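have a look at this fold, sequence not included:
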């Protein structure tokens, strides 16, 4: 007679092998893993799950799974690095490029309940997780952008040991026996650059994603202007049939993660076939520039986006007139 199920473990997750990307798995084909059932709580849904720990290669640091398999399947990410399994990019970059909406709760309330519902849908073969929010043309352009940014080969350098904090302070006495790296961090490698698990998973203020999107936007001619007061984006050559309402609908649909109230105004100039999208905050304008670096779909046409120009100060305007 089978043993009775423990009611206290209802909803907890058991698994036989982790969901990992090739980089985190390592280059050793004979890898050995330790397995601990209910070893820790999931970093996103807080449910206990089966934890795996392994060494991805000689001279590398030990790695472990940090989220459960249900959460990994919902977002299609690695259980360890939380990067997308198809493109190897942060979820914030992927979701912004494809215009998808994440309906998973980001607060502690209902996280476990949501995860259990998603697990039931996955087991029954139903769809779960993020939902598309952009038209087909926009998603196709976003996929092309992701293909350009994707890393095609494993990046095993990411598995290296962490930098020795004692060496940075000049106090490490272990020398070659120290299991950590003895090198000075780069100027942009700060302790706070590694965000929490939930921020990486849900794509909120991810520093790595921010750098990727900034670099791509600059390569497309969308480098943020030095003037912080510029909060408008210029849409040249909009379709002749476009109206202010249709442009607003396209903007709101493409910025699914942005509150529509952040849009200050949309100015349509039919005679010049152009439009200006003005935002209330510079940060929102920059997020829109990142999302539209591959173009904005307006009434069936892909529109190239550019930053607007700042207004000249009265003194500068008087000097130019003179």
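Yep, that arrived. Quick caveat: nothing in here was measured; it's all calculated off a predicted structure.

what lines up beside the longest strand along the chain in the sheet?
For the chain, the longest strand by residue count, based on DSSP state E, is strand 33-41. Strand pairing for strand 33-41, using DSSP bridges, gives strand 48-54 (antiparallel).

strands along the stretch 151-300 of the chain, start to end?
Here the stretch 151-300 of the chain has its strands, by DSSP state E, counting those that start in this stretch, at 232-235, 263-269, 274-279, 296-298.

which parts of the last one are buried?
Of the residues in strand 296-298, 296, 297, 298 count as buried by neighbour count, 16 or more other C-beta atoms under 10 Å. Every residue, glycine included, has its C-beta placed from N, CA and C.

still on that earlier bit, reformat the strands of the stretch 151-300 of the chain as a markdown table; add mean pLDDT and distance to residue 117.
Converted to a markdown table, these look like this (pLDDT from 0 to 100; distance: least, C-beta to C-beta, whole Å):
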| stretch | mean pLDDT | distance to residue 117 |
| --- | --- | --- |
| strand 232-235 | 93 | 38 |
| strand 263-269 | 92 | 33 |
| strand 274-279 | 93 | 35 |
| strand 296-298 | 87 | 32 |
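
make CSV from those and add distance to residue 92 to it.
Putting the strands of the stretch 151-300 of the chain into CSV (distance: least, C-beta to C-beta, whole Å) gives the following:
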stretch, distance to residue 92
strand 232-235, 20
strand 263-269, 21
strand 274-279, 19
strand 296-298, 19
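
so residue 52 makes contact with residue 32?
No - with contact defined as C-beta atoms under 8 Å, residue 52 and residue 32 do not form a contacting pair (10.7 Å).

which one's more surrounded, these two?
Neighbour count, other C-beta atoms under 10 Å: between residue 52 and residue 32, residue 52 has more, with 21 against 7.

thinking again about what came up before, JSON lines for the buried residues of strand 296-298, including distance to residue 160?
Below are the buried residues of strand 296-298 laid out as JSON lines (distance: C-beta to C-beta, whole Å):
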{"residue": "296", "distance to residue 160": "40"}
{"residue": "297", "distance to residue 160": "41"}
{"residue": "298", "distance to residue 160": "45"}
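
which single one of those is nearest to residue 238?
Nearest to residue 238, judged by C-beta to C-beta, of the buried residues of strand 296-298 is residue 298 at 5.4 Å.

helices along the stretch 201-322 of the chain, start to end?
207-219, 244-254, 282-291, 314-321 (DSSP state H, counting those that start in this stretch).

now the angle between helix 282-291 and the first one, please.
The one in question is helix 207-219. 70 degrees (axes from the mean of the first three to the mean of the last three C-alpha atoms, to 10 degrees).

so what secondary structure elements neighbour helix 207-219?
helix 91-98, helix 136-149, helix 282-291 (3 or more C-beta pairs under 8 Å, 6 or more residues apart in numbering; DSSP states H and E).

looking at those helices, which one is packed in the most?
helix 91-98 (a mean of 24; mean count of other C-beta atoms under 10 Å).

what lies in contact with it?
With contact meaning C-beta atoms under 8 Å, 6 or more residues apart in numbering, helix 91-98 is reached by 75, 77, 82-84, 87, 100, 102, 130, 132, 134, 139, 142-143, 145-146, 149, 200-204, 206, 209-210, 212-213, 257, 287, 290-291, 294.
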